[in-house]
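Trainee: Got a predicted structure plus its sequence, pasted below:
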Amino acid sequence: MFLSKLVLDPAHPQARRDLANPYEMHRTLSRVYAESPDSPPARFLWRLENNGERVPEDGATVLLQSATPGRWQHLQELPGYVRALHPDKAVPVEQLLQAGRSHVFRLSCNPTVTRDGKRYGLLREEEQLAWLARQGRQHGFTPLNVRIGRSERVSHRQGRTGQRITLQVVQFDGLLRVEEPAQLGQALVNGIGHAKALGLGMLSIAPAHG
């Protein structure tokens, strides 16, 4: 697995457009993971680090996780779009994920439940935490000491159709304990929950010290 970090210049016209619309951001980033303009991108996950409503003057941070390295020349062809680029840090997942080991984690996601064939966002904190616990059982980890740092309804216009979509976006921070390393490794690559193209579902982990 590879980790990458971008710092975008909010004064750049395309960066400003992408920061305002996750569909546009996903389309721009997809070029990095596609072999050609006509081919679909390899699997990747991304997240805009949330710093409140205003973008910091020193730039907007985007984190990415992917199974393959990126082709960063596509962004470099947009002069001024990226202020800083830290690409393709290799992560030894098998060494990192040992059963019983604890990690600090962050997950920005769209917790939902399906009723009568329709998907509904979960609004109450206890429902959101229960959803995370279910995801942990499914993906090989146990969440510990979880804090909800963000919970809000977010609306975006969907692609070129202009159809508006509204999602409940929740950010979980805390500790997790590895139970099934193989399952958790798949979750790191494939993401958790829905709306991954909108920058949701990326599980970030780092070793917990002390």
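Mentor: Cool, got the structure.
Trainee: ok so residue 146 is a strand residue?
Mentor: Yes. Applying DSSP: H, G, I helix; E, B strand; the rest coil, one finds residue 146 inside a strand.
Trainee: Distance check, it against residue 133.
Mentor: Applying Cβ to Cβ, to the nearest Å, the value for residue 146 to residue 133 is 9 Å. Heads up, the C-betas are built off the backbone N, CA and C, glycines and all.
Trainee: For these two, indicate the residue with more neighbours.
Mentor: residue 146 (18 against 13; other Cβ atoms under 10 Å).
Trainee: Identify the residue nearest that one in space, chain neighbours excluded?
Mentor: Spatial nearest neighbour of residue 146, excluding adjacent residues (Cβ to Cβ, 6 or more residues apart in numbering): residue 174 at 3.8 Å.
Trainee: roughly how far apart are the one you found and residue 65?
Mentor: Taking Cβ to Cβ, one finds residue 174 at 19 Å from residue 65.
Trainee: More neighbours: these two, which one.
Mentor: When neighbours are counted by other Cβ under 10 Å, residue 174 and residue 65 differ, and residue 65 comes out ahead with 21 against 18.
Trainee: For the more buried one, give me its contacts.
Mentor: Contact analysis of residue 65 by Cβ atoms under 8 Å, 6 or more residues apart in numbering lists 1-4, 44-46, 188-189, 202, 204.
Trainee: Then residue 30?
Mentor: Counted by Cβ under 8 Å, 6+ apart, residue 30 has contacts 41, 44.
Trainee: circling back: pretty sure the residue nearest to residue 146 sits against residue 147.
Mentor: Yes. The pair residue 174 and residue 147 passes the contact test of Cβ atoms under 8 Å, sitting 5.6 Å apart.
Trainee: Tell me, how many residues neighbour residue 2?
Mentor: Neighbourhood size, residue 2 [other Cβ under 10 Å]: 16.
Trainee: quick one, what contacts it?
Mentor: Going by Cβ under 8 Å, 6+ apart, residue 2 touches 65-70, 88-91.
Trainee: out of these, who has the most neighbours?
Mentor: residue 70 (23 neighbours).
Trainee: ok, the closest residue in space to that one that isn't next to it in sequence - contacts?
Mentor: In this structure, residue 70 finds its nearest non-sequential neighbour in residue 32, 4.2 Å apart by Cβ to Cβ, 6+ apart. Taking Cβ under 8 Å, 6+ apart as the criterion, residue 32 is in contact with 41, 44, 70-72, 74-75.
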